[in-house]
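**Student:** 3D model of this:
(one chain, ligands or ions: 1)
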Amino acid sequence: MELRRVRLPFRVPIRSSLGTSRWRDVLLVRVGTPGGDGWGECAALAEPTYSAEYVEGAAGVLRHHLVPLLMATTGGDVDAASVGPALAGVRGHPMAKAALETAVLDAELRAAGVSLARYLGATRTVVEAGVAVGMSSSVGALLDEVAAAVDEGFRRVKLKVAPGWDVEPVRAVRERFGDDLLVQADANGAYRLSDATHLAALDPFGLVLIEQPLEPDDLVGSAELARRIRTPVCLDESITSAEVAARAIAMGAVAVVNVKPGRVGGFLEARRVHDTCVAAGVAAWCGGMFETGLARSANLALAALPGFSLPGDLSPPSRYLAGDLVAPLVATDGSLAVPDRPGVGPDLRPDALREHTTGSERVPLG
Ligand SMILES: [Mg+2]
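**Tutor:** Residues are numbered from 1 along each chain as shown. Okay, here's the model as predicted:
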C-alpha cells in the first residue's frame, strides 16, 4: 500500500466562494495485489474548505485508521464490496475511504478484465460534458472564458457565484449567449436563508439549477428556499450518502442531485445515490473536484448510468490543469467517450507520475 502525493498547476488560478487555488495537490492510493496494482485518486483538496477533508488529513486517516482497520477486519482478503462495511466504524472521511475503495476496485476490475462502466451498469458510450468557470476579475473576463468554452462546443456552463458576484455575471452570460446555453450557478454554501429574496432575482435568467446555495447542514433552510425561488435547488456538499439524499428529497430540500463519488465514500455508494434519485424521479448529474484525468475518466463511467440526465463537470482536465497523469482526455462537440478498458481509470503515465510526484510513503500492512 502506497500513499503518493502529486501536485499539478492550474492553468489559471481557480476562484470560488471558498477562496483561490493555484495548484491541485492530489493524494493517490496504490494497492499492490498479486494480480497487479490498483490506483485511487482522493478527491480531497489541500485545504478543508469544500468539506472538512483535506489532503494531509486524508493521508493521516488512511495511514493510522483506515488501512489498519481494513486489514484487521478482512485479514487482507479484500474486495471492493468489503471496503465500505469494513470501514463503517470510522465516522466521516468519505474521500479517504473512497480513495481506498477505488484502488481496491481498480485492482479487482483489472484482474477480471472488466471496465468500471460495465461494472456499474452504464448504458451510454458517450457523455455530454459541462464546463465549470471560476469567479473572474471582471464580467468581461468571465464572458471571454465562457466564449472559449462555447467555441469548443460545450453547451453547459457552470458559474461559481457568491454574494457580490451573482446576478450581474449571470445576467451578462445570459444576455451574451442567449437561452440555448445551459447555465447553472454554484454557490458552495455561501448564502443564508435570509438571502432568499436576493436569490429570487436570479429567477428570470432560466438557470438549470443553483447548486448548494445554503450551508451543507441546512436541509431545513434548503427546503424553505426551494419554496421561495423558482430556480431548481441542487445539492452538492449536503449529500453525503444515499440515505441523506433520500432524506433531502423527502423534505423537498433538493430538486437535482450532484453526485460525486469522493463525497459519498466511493463508486458503490455513488451508484446507490444514483439509484435513489432514479427511484424518486429526481434529476442527477456527476460533479467534479478538478480531478486529474485518472479520476475524471472514472467519473465518465459513472456519468454513463441512465439516471444522469444533466451534463456533468466532465470537461477534459486540460481545460484547467497544466499537465496530467494519464493520456489527455479529448472532448468532441462537448462530449467525451466513456472508457471501456479494464479497471477504474486509465493507465498512469510513469514519466508524468514521476514529474508531478512530491512525496511517497509505504503504509505497513500490519
Ligand atoms: Mg459544487
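
**Student:** I'd like the average pLDDT over stretch 72-92.
**Tutor:** Taken as a whole, stretch 72-92 carries a mean pLDDT of 95.

**Student:** Which stretches in this structure count as strands?
**Tutor:** 2-16, 19-33, 36-41, 126-133, 156-160, 182-186, 210-211, 233-235, 256-259, 283-286, 312-313, 335-337, 357-362 (DSSP state E).

**Student:** Residue numbers of the stretch 151-300 of the chain in contact with the ion?
**Tutor:** Neighbours of the ion within the stretch 151-300 of the chain, by Cβ under 5 Å from the ion: 186, 211, 236. C-beta: built from backbone N, CA, C; applies to glycine.

**Student:** Quick check: beta-bridge partners of the first one?
**Tutor:** In this entry, Asp186 is beta-bridged to Lys160, Glu211, by DSSP bridges.

**Student:** Low-confidence stretches in the stretch 251-366 of the chain?
**Tutor:** 366 (pLDDT under 70).

**Student:** sorry, back to before: now the strands of the chain as JSON lines including mean neighbour count?
**Tutor:** Output for the strands of the chain, formatted as JSON lines (neighbours: other Cβ atoms under 10 Å):
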{"stretch": "strand 2-16", "mean neighbour count": "17"}
{"stretch": "strand 19-33", "mean neighbour count": "19"}
{"stretch": "strand 36-41", "mean neighbour count": "24"}
{"stretch": "strand 126-133", "mean neighbour count": "23"}
{"stretch": "strand 156-160", "mean neighbour count": "25"}
{"stretch": "strand 182-186", "mean neighbour count": "23"}
{"stretch": "strand 210-211", "mean neighbour count": "26"}
{"stretch": "strand 233-235", "mean neighbour count": "26"}
{"stretch": "strand 256-259", "mean neighbour count": "26"}
{"stretch": "strand 283-286", "mean neighbour count": "25"}
{"stretch": "strand 312-313", "mean neighbour count": "25"}
{"stretch": "strand 335-337", "mean neighbour count": "18"}
{"stretch": "strand 357-362", "mean neighbour count": "12"}
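
**Student:** Not counting sequence-adjacent ones, nearest residue to the residue of the chain found nearest the ion?
**Tutor:** Minimum separation of the chain from the ion (Cβ to the ion) falls at Asp236, amounting to 3.7 Å. Closest residue in space to Asp236, ignoring its immediate chain neighbours: Asn258 at 4.1 Å, by Cβ to Cβ, 6 or more residues apart in numbering.

**Student:** so who does that neighbour touch?
**Tutor:** 211-212, 234-236, 239, 284-287 (Cβ atoms under 8 Å, 6 or more residues apart in numbering).

**Student:** Equivalent analysis for Ser21, please.
**Tutor:** Ser21 touches 10, 13-14, 45-47, 290, counting by Cβ under 8 Å, 6+ apart.

**Student:** any idea which of these is the one closest to Ser315?
**Tutor:** Nearest to Ser315 out of the contacts of Ser21 is Phe290 (Cβ to Cβ; 10.2 Å).

**Student:** my guess is that closest one contacts Asp25, does it?
**Tutor:** No - assessed by Cβ atoms under 8 Å, Phe290 is found out of contact with Asp25, at 10.8 Å.

**Student:** Look at the nearest residue to Gly38 once chain neighbours are set aside and report its pLDDT.
**Tutor:** Of all residues not flanking Gly38 in the chain, Ala107 sits nearest, at 2.8 Å (Cβ to Cβ, 6+ apart). pLDDT, Ala107: 97.
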